[in-house]
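A.B. asks: next comes the sequence, and after it the predicted model I'd like to discuss.
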Amino acid sequence: MKYLILGGTGTLGRALTEQLLSDDKTQSIVCLSRDELKQKETKAHFKNDKLSFVLGDIRDPSTLWQAMTGIDTIFHVAALKHIDTLEMNPEESVRTNILGTCHVADCAIRAGVKHVVFSSTDKAVSPLNVYGMSKGISEKILLNRNKSQSGTRFSIYRWGNVLASRGSALHFFAKTLKDEGKAYITDTAMTRFWIKIEDAASFMIESYPRASGIMVPLMKSSAITTMIQAIAGLCGVSEYEEVVVGLRPGEKIHESILEGVSSEDGPFYTVSELQTLVGPSL
């Protein structure tokens, strides 16, 4: 099998690369991303001749088309994803998350790629922010492409909060707990779904050959206050102050992974379960 990973130098892209390289059926992996430094770091980390790199951007169809030559499966995990940044820069979200996904879909069909696997988010369900809206529109674009009978199958994978992803709030919580003895919380009632990066990658790899449409793994949720309690324990912080700062623009108290399936309803992680999940990433 020959793979192309769009956004391959990101956290999920590297997790996919690691698991695919361990599979004897993998003939080659092409990583396309726009950060040359992260490409050098990723190459040095894996040191594997099956892995090659293309410097490019999903905004550029010509780069995509060239990278897709001979590819069997594409993992599209490239996106702009920081909620507060995209609230202030909605045009950039459109150019990358929406138009970039259109380019990916059109080039994949033209190149005769068998599978396109797209990473989405629970924020695409009844979206309240620019990021969620852009992902929701991208989902609909790809679902519509499945109706074209082109021979290219598109599957969509929705996650909650991915543990250990770049820019994760968990590292911010750990820092303020250790440095200030404080946890800054938007709302004490807030809940979120959580999934380990390795579990997200393996779910995609194991299920995509049979998948089309929207795929959702089994995920548990927790209150943000429970997650902070778990992180405090891992950091050796026995006493801390919870500082409620209020919701950011576009932020929800609870998320839904599917219509009617809310993080508010559980099942919930315990503190000890969260510590087992989070520990390796802190």
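C.D. replies: All right, it came through fine.

A.B. asks: tell me how far Leu274 lies from Thr188.
C.D. replies: According to C-beta to C-beta, to the nearest Å, Leu274 and Thr188 sit 17 Å apart. In this view, the C-beta of every residue, glycine as well, is placed from N, C-alpha and C.

A.B. asks: ditto for Lys114
C.D. replies: 47 Å.

A.B. asks: and those two? which has more neighbours close in?
C.D. replies: Using other C-beta atoms under 10 Å, the more surrounded residue of Lys114 and Thr188 is Lys114, with 15 against 12.

A.B. asks: ok, the more buried one to Pro209 distance?
C.D. replies: From Lys114 to Pro209 the distance is 9 Å (C-beta to C-beta).

A.B. asks: same thing with Gly246?
C.D. replies: According to C-beta to C-beta, Gly246 and Pro209 sit 45 Å apart.

A.B. asks: pick out whichever of these two has more residues nearby.
C.D. replies: Shown here are Gly246 and Pro209; by other C-beta under 10 Å, Pro209 has more neighbours (13 against 8).

A.B. asks: quick check: that one touching His115?
C.D. replies: Yes - contact criterion C-beta atoms under 8 Å: Pro209 and His115 qualify, at 7.1 Å.

A.B. asks: and the longest helix anywhere in the chain, what does it pack onto?
C.D. replies: In the chain, taking DSSP state H as the definition, the longest helix is helix 130-145. Contact analysis of helix 130-145 by 3 or more C-beta pairs under 8 Å, 6 or more residues apart in numbering; DSSP states H and E lists helix 83-88, helix 90-93, helix 100-111, strand 115-121, strand 153-159, strand 213-215 as its packing neighbours.

A.B. asks: quick check: angle from it to helix 100-111?
C.D. replies: Per axes from the mean of the first three to the mean of the last three C-alpha atoms, to 10 degrees, the angle that helix 130-145 makes with helix 100-111 is 20 degrees.

A.B. asks: quick check: angle from helix 130-145 to strand 153-159?
C.D. replies: Using the same axes, to 10 degrees: helix 130-145 against strand 153-159 is 150 degrees.

A.B. asks: give the buried residues for helix 130-145.
C.D. replies: Neighbour counts using 16 or more other C-beta atoms under 10 Å place 130-139, 141-143, 145 of helix 130-145 among the buried residues.

A.B. asks: and that helix with strand 115-121, angle?
C.D. replies: 150 degrees.

A.B. asks: need the max-distance pair from the buried residues of helix 130-145.
C.D. replies: The two members of those with the most space between them (C-beta to C-beta) are Val130 and Arg145, at 22.7 Å.

A.B. asks: which strand or helix spans Ser272?
C.D. replies: Element membership for Ser272, per DSSP states H and E: helix 271-278.

A.B. asks: please name every helix or strand in contact with that helix.
C.D. replies: Here helix 271-278 touches strand 191-196, helix 224-234, going by 3+ C-beta pairs under 8 Å, 6+ apart.

A.B. asks: so how far is that helix off the chain centroid?
C.D. replies: 20 Å (C-alpha atoms, centre = their mean, to the nearest Å).

A.B. asks: tell me the angle of that helix relative to helix 224-234?
C.D. replies: Going by the same axes, to 10 degrees, helix 271-278 makes 70 degrees with helix 224-234.

A.B. asks: what residues are up against the residue nearest to Tyr208 when sequence neighbours are not counted?
C.D. replies: Distance criterion C-beta to C-beta, 6 or more residues apart in numbering; nearest residue to Tyr208, sequence neighbours excluded, is Val117 at 4.8 Å. By C-beta atoms under 8 Å, 6 or more residues apart in numbering, Val117 lies in contact with Thr73, Ile74, Phe75, His76, Ser155, Tyr157, Met204, Tyr208, Ala211.

A.B. asks: can you check Trp194 too?
C.D. replies: Counting by C-beta under 8 Å, 6+ apart, Trp194 has contacts Gly160, Asn161, Leu163, Met219, Lys220, Ser221, Ser222, Met227, Tyr269, Leu274, Leu277.

A.B. asks: pretty sure the last one contacts Asp199?
C.D. replies: Translated: Leu277. No - in this structure, Leu277 is not within contact of Asp199 by C-beta under 8 Å, at 9.3 Å.

A.B. asks: the nearest residue to Asn146 once chain neighbours are set aside: what's it in contact with?
C.D. replies: Excluding the flanking residues, the one nearest Asn146 by C-beta to C-beta, 6+ apart is Phe154, at 5.3 Å. The contact partners of Phe154, by C-beta under 8 Å, 6+ apart, come to Ala105, Val116, Phe118, Leu142, Leu143, Arg145, Asn146, Ser212.
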